[in-house]
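**Q** Let's see this in three dimensions:
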Amino acid sequence: MKSAVIFAIICLIFPLSQEKTTLNIEITNIRNNKGVFRISVYTAESQYPYHPAKTYMVKKDSLTNRSVRTSINDLLSGQYGLCILDDENNSGKMESNMLGIPYEGFGFANNVQPFLKHPDYDRVLFRLFPGVNHMQLIIRYRN
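**A** A predicted model of the protein is given here:
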């Protein structure tokens, strides 16, 4: 009985179903080498779009043919939401005009194209599988 309780506690602390992954991302359609990319990853709809579970900064120093490659290695297998900001002035936020039209580039998982506001959370969800995963993110600019 005692060993069954210990096993149950270990299973709660260390989930058996989630395995480490690698997410290789190719960011394309980049207009310049100013600033950094901020990749926001969400584990729940309540975090989206303003309170990501994790944010990764990617420098543009390896910009080649309007694209940059990066990898994320600390996520477990599962479902996530993702968006990216081309933070050209390195302010940490999306810059926009008085009408809310962004000055800086952005993108979403599944390369969803928003219309007047950010897309719904379920449209930017993707699944990470154990091992190596690949994603291409197309940066879009409104101006």
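
**Q** Please work out the average pLDDT along the longest strand along the chain.
**A** Of all the segments assigned as strand in the chain under DSSP state E, the longest by residue count is strand 78-87. Throughout strand 78-87, pLDDT has a mean value of 98.

**Q** Show me what the next helix or strand after that strand is packed up against.
**A** Using DSSP states H and E, the next helix or strand after strand 78-87 towards the C-terminus is strand 105-108. Under the contact criterion of 3 or more Cβ pairs under 8 Å, 6 or more residues apart in numbering; DSSP states H and E, strand 105-108 touches strand 78-87, strand 131-138. Just so you know, the C-beta spots here come from the backbone N, C-alpha and C atoms, and that holds for glycine as well.

**Q** in this structure, what spans have low per-residue confidence?
**A** 1-17 (pLDDT under 70).

**Q** right, and P119 touches N111 too?
**A** No - counting by Cβ atoms under 8 Å, P119 sits too far from N111 to count as a contact (10.5 Å).

**Q** what's the distance between K117 and Y56?
**A** 24 Å (Cβ to Cβ, to the nearest Å).

**Q** Could you do D122 as well?
**A** According to Cβ to Cβ, D122 stands 22 Å off from Y56.
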